[in-house]
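# Quick one: sequence plus predicted model below, questions after.
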Amino acid sequence: MLRPVTQGGVYLSRSGSKLHELNKKSPTLYRKVLLLLLGCAAIGCIVQAGSALVVAASDSTDLEKAQADYFCDGVADQVEIQSALNALGNTGGTVTLTGGTFHLNGNLNIPGNVILEGQGPDATWLKWSSGLMQCQGRQNVVIRDIKTTGTGAIFIQNSNHVKVHNVTATVDNSRWGGAFTLWVSNAVMEDIEFVNCKAIDCGRMGFMNDGEGSPRLIRDIRYIDCTAVNSGRYSRFSPYGEWTTGFALAENNDLGDTLLTGCVAEGSFESGFHVEDAPGITNLIFENCISRYNGQKSDGFYNPSENTHGLHFGSGYWVHGGTALYDCISRDNGNAGFSVGPGAALYNCTDDGSAVGFRLVDTHDACMEDCSSLNAGTYAIYALEATNITARRFEMIDPGGINGNGAFFGTVAHPVTASRFDLSGRCGGEVRAIYGEGCRDIVFTGVIRTDHPNPVVIKRGDDIDIGGLDIRSEGPVDRGYTGALRRFLLRVIPVIT
């Protein structure tokens, strides 16, 4: 391994080299600068020498190598990078990687109070054959402007005040977790920020939060303009790789005060954005996110951990708890666009072309306002065992339907109760707008255009109010379903016919 640049046995950082040059050019100015630095050091006002170090790759340019303090030879390059990080000491500082490819075959441990930076994902490439980048029990860390591939995931455990910016990861299926993992163990982990980070074609989760013990809270987390593409689509870690998602925001950890804005999940094996049912969720916010083409798992794929086949989640967004989505888009997902669990609230969210637009199963106290289901493969809304659901100004356009039904509201065994659905939109003449069984204390309002001969049927319902629901013809002339004809077309049937 090559050593840091030295002269006369004395270590020279970039700043030290410049002072040496200054001494040659202007001895008087050199003495003044040196006295100033010594005075600052005496009162603790300056970080130690070497607080800004440069590490060059074996294939860096001659100019980059000329400015470097450490030189890599293309074999076990983590040794030189780790040496530079360690040289910063407790005070910390910045380690800058030049452009080029760094070849790593072991772990890189990021200390606290450190900035590790490259020249951008297109310029600085960390290529791992084994090992990963880990930050464990640290504070005040910045990782930015690099590309990492192979085994080189970023693993952050029990650390606070960490920023990961402009990092692209394409990591393999050799390890559990995500390309970017937050892990909390018997602690509260907070103030972590990902900006413009990308997980592309990874053999594991794109972004993953997980933990164990008590407490196991991850909070004050920000994902800004981050992307996960094809997570687990082409390969997966085993076991449990069959559940690979783009953003696994809460596996076993509790989650609080978390923001995702402008993020994209695309082509995941299972869901795009996913929250497991068990964790406690407080103030999870999505803004202007897109989830598309997720649920790539085939119907015949065998899930060994459950002895089942095909998709289980496979949704654009699988959320619950204290979660709110604003202006989010779902498109062409294999299961539902939006799987709306207990306590979730959606505002101005749109699904286009997913198998189900909005899934409301085993849920309660959820609301959807100004949301739309366009061209659902089956149901615009699929509700089962749901109570206290509120849908205001919900638009459903041309659902494909199952058994001729475009929206499904419960069964006798798993009814929809104590809910309000204000619906508008359009259904084709072959698709009934509303079908349900066993509903209790339900109000339907709105305007639906359809030429179906029986557009609304509720069987074995009780306390169903459809007085505010207006059914209009899709044809050029509105036939005006009123009076006895309207009561026939909009049927609440006390027993199964």
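Looks like it arrived, so ask away. Numbers count the residues shown, from 1 in each chain.

# so residue 106 sits right up against residue 131, yeah?
Yes: counting by CB atoms under 8 Å, residue 131 is a contact partner of residue 106 at 4.2 Å. In this view, the C-beta of every residue, glycine as well, is placed from N, C-alpha and C.

# Need the overlap of contacts for these two.
Common neighbours of residue 106 and residue 131 (criterion: CB atoms under 8 Å, 6 or more residues apart in numbering): residue 78.

# Identify the residues contacting residue 127.
101, 102, 103, 104, 149, 150, 152.

# Swap in 7 Å and give it another go.
Residue 127 makes contacts with 101, 102, 103, 104, 149, 150, as judged by CB atoms under 7 Å, 6 or more residues apart in numbering.

# how near is it to residue 142?
22 Å (CB to CB, to the nearest Å).

# pLDDT weak spots in the chain?
Scanning the chain with the threshold set as pLDDT under 70 gives 1-50, 475-497.

# same thing but at 90, please
Low-confidence segments of the chain (pLDDT under 90): 1-51, 277-279, 461, 473-497.

# domain parsing for it?
153-354, 359-497 (automatic domain parsing).

# Mean neighbour count, those domains: which tops it?
Among the domains of the chain, domain 153-354 has the highest mean neighbour count (mean count of other CB atoms under 10 Å), at a mean of 22.

# since we're on the nearest residue to residue 58 once chain neighbours are set aside, how many residues are nearby?
Setting aside the residues directly before and after it, residue 58 is nearest to residue 74 in space (CB to CB, 6 or more residues apart in numbering), at 3.7 Å. Neighbour count of residue 74, defined by other CB atoms under 10 Å: 13.

# gap between the helix or strand encompassing residue 185 and the chain center?
Under the criterion of DSSP states H and E, residue 185 resides in strand 178-195. Its chain's C-alpha centre and that of strand 178-195 lie 13 Å apart, by CA atoms, centre = their mean, to the nearest Å.

# Next secondary structure after it?
strand 198-200.

# quick one: strands adjacent to that following strand?
Strand 198-200 sits in its sheet next to strand 160-171 (parallel), strand 227-229 (parallel), going by DSSP bridges.

# From residue 325, how far off is residue 293?
Residue 293 is 19 Å from residue 325, by CB to CB.

# typo on my end, it should be residue 282
In this view, residue 282 and residue 325 are 15 Å apart by CB to CB.

# Please give me every residue in contact with the residue nearest to residue 225 when sequence neighbours are not counted.
Nearest non-adjacent residue to residue 225, counting by CB to CB, 6+ apart: residue 262, 4.4 Å away. By CB under 7 Å, 6+ apart, the contact set of residue 262 is 224, 225, 288, 289.

# Of those, which is the nearest to residue 389?
The shortest approach to residue 389 among those belongs to residue 289, at 22.4 Å (CB to CB).

# List just the nearest of the contacts of residue 262 to residue 160.
Proximity of these to residue 160 (CB to CB) peaks at residue 224, which lies at 18.3 Å.
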